[in-house]
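1. What shape does this take:
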Amino acid sequence: MGTLVVVGTGIASVAHTTLEAKGHMEQSDKLLYVVTDPVAKAWLHRLNPSAESLSDCYQDGRHRRQAYRCMTDRILSWVRREGVTVCAAFYGHPGVFVDCSHAAVAQAREEGFEARMLPGVSAEDCLFADLGFDPAKRVCQTFEATDFLLRRPRFDPGSHLVIWQIGVIGDPTFSATGTYRPGGLGILRDVLLEDYPEDHETVVYVASQYATAKPLILPTPLGQLGEEEPPGIATLYVAPHGPRPTDPEMVRRLGMEESLEPA
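-> Residues are numbered from 1 along each chain as shown. Have a look, this model is predicted:
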């Protein structure tokens with residue numbers, strides 16, 4: 001019976017790949033992958049001669065959901081082959097903004113195959129390191145940009161705020177050139193100005209794909225967001241604004257009168 005292990009290569013693919021993930025990629029009968037840079041691609045083919053890219057599922061102007069279905073089907077077509085060990089590798093964390101990885105694992109399990117996912121280094125992990133803040137301090141809230149605008153969730157401006165995919169707001173299609181529907185970041189800016197001042201600190205961020213290169217870190221006052229279109233893979237960081245109130249009754253109930261740190 002076939003098996004499936006889904007792994008992540010990290011953002012700086014070769015440098016971020018865990019030994020566990022590398023072992024599965026190297027030893028599998030079939031290695032399927034989606035990576036974004038030629039160095040990682042060449043490395044995977046050296047690692048395992050069976051390596052095959054799934055990137056051809058992306059078609060210019062095609063809805064990304066269709067591409068993910070194509071990838072899921074391709075992965076499962078190999079899992080269903082008798083006795084084949086399959087490894088599917090995705091850049092970053094394989095379970096973060098990768099619909100097909102979750103779908104493939106779920107479908108494989110439903111059909112009775114052994115399937116699991118291993119963790120990897122995501123863009124948000126890189127962001128914590130490059131921008132130098134601890135998400136446990138003042139809390140960190142994470143949203144996808146289009147969903148944030150459509151659903152208008154409640155959030156705490158006093159916490160760290162991370163908003164993914166600010167370069168593809170409102171555009172569900174794939175672009176071979178990396179150019180997407182413009183204007184979305186300006187709309188996001190207008191919504192954020194309801195809770196933050198115009199001069200509030202934000203950062204447009206793109207993690208580096210190469211261990212020897214620097215990340216893109218563009219400090220930008222909130223009121224100036226959207227004056228230039230961001231890269232398609234950019235993430236927005238919004239610094240905490242104002243104090244975070246503390247519930248005095250809960251402080252008492254938890255016995256933290258003397259140990260509570262300022263929010």
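2. so is residue 146 in a helix, a strand, or just coil?
-> What DSSP: H, G, I helix; E, B strand; the rest coil gives for residue 146 is helix.
3. Spell out which residues sit in contact with it, please.
-> By CB atoms under 8 Å, 6 or more residues apart in numbering, residue 146 lies in contact with 165, 168-170, 184. Any C-beta I mention is one placed from the backbone N, CA and C, and that applies to glycine too.
4. In the stretch 101-250 of the chain, where is pLDDT below threshold?
-> Along the stretch 101-250 of the chain, the model assigns pLDDT under 70 to residues 176-179.
5. mind running it again at 90?
-> 138, 171-182, 211-212, 232, 243-248 (pLDDT under 90).
6. in this protein, which spans are strands?
-> Applying DSSP state E to the chain gives strands spanning 3-8, 30-34, 52-53, 85-90, 114-117, 140-144, 160-164, 201-206, 216-221, 235-238.
7. coming back round to it: for the contacts of residue 146, work out which two are farthest apart.
-> For the contacts of residue 146, the farthest-apart pair by CB to CB is 165 and 170; their separation is 10.4 Å.
8. okay, those two: which has more neighbours?
-> The residue with more neighbours, out of residue 165 and residue 170, is residue 165; 23 against 14, by other CB atoms under 10 Å.
9. Skip the chain neighbours and tell me the closest residue to the more buried one.
-> With CB to CB, 6 or more residues apart in numbering as the criterion, residue 165 has its nearest non-adjacent residue at 5.0 Å, and that residue is residue 145.
10. before we move on, the earlier item: what's the most buried one of the strands of the chain?
-> Across the strands of the chain, averaging neighbours per residue (mean count of other CB atoms under 10 Å) puts strand 85-90 on top, at a mean of 27.
11. From the contact counts, what lies against that strand?
-> The contact analysis (3 or more CB pairs under 8 Å, 6 or more residues apart in numbering; DSSP states H and E) places strand 85-90 against strand 3-8, helix 19-27, strand 30-34, helix 64-79, helix 99-110.
12. Columns distance to residue 245 on top of the ones you listed, output as CSV?
-> Output for the helices and strands packed on strand 85-90, formatted as CSV (distance: least, CB to CB, whole Å):
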stretch, distance to residue 245
strand 3-8, 38
helix 19-27, 42
strand 30-34, 44
helix 64-79, 40
helix 99-110, 37
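13. among the ones you listed, which is nearest residue 136?
-> Nearest to residue 136 among these is strand 3-8 (22.6 Å), distances taken as CB to CB.
14. returning to that earlier point: what is the burial count for the residue nearest to residue 165?
-> Neighbour tally, residue 145, other CB under 10 Å: 23.
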